[in-house]
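Undergrad: Any chance you can model this:
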Amino acid sequence: MEEFCKKKFTPDLVLQFSGGAYEEFFFFLSFKMASKFNIPRYIHSYDPLPGSTDWGENEIIRKATIKILKKYFKNGR
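TA: Numbers count the residues shown, from 1 in each chain. Next comes the predicted model:
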């Protein structure tokens, strides 16, 4: 186990799963990891981001969510 811990770890990509807009920390974390290792970042969301107004999402919160998450999705694949 000690030998495994001493080996240098360099990932090939960052894959982020997201289930909602309120996971901003994970968007930030995956963004930082991809930037640090200079590797591609892939985002898989199993819910629409942000939630549609038909789901009862408040319009002000929806616009704020778009503003916050836009920078993370801009350089994700």
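Undergrad: Which residue is the nearest non-sequential neighbour of residue 24?
TA: Spatial nearest neighbour of residue 24, excluding adjacent residues (Cβ to Cβ, 6 or more residues apart in numbering): residue 68 at 6.1 Å. C-beta coordinates here come from the backbone N, C-alpha and C atoms, glycine included.
Undergrad: for the one you found, phi and psi?
TA: When read as degrees, to the nearest 10, the backbone of residue 68 gives phi -70, psi -50.
Undergrad: neighbouring contacts of stretch 31-38?
TA: By Cβ atoms under 8 Å, 6 or more residues apart in numbering, the surrounding residues in contact with stretch 31-38 are 10-11, 13-14, 39-41, 72, 75.
Undergrad: Farthest-apart pair in the residues you listed, please.
TA: 10 and 72 (22.3 Å; Cβ to Cβ).
Undergrad: So for those two, which sits in the more crowded spot?
TA: Neighbours per residue (other Cβ atoms under 10 Å) separate residue 10 from residue 72, with residue 72 holding more: 19 against 8.
Undergrad: Perfect, I'm done here.
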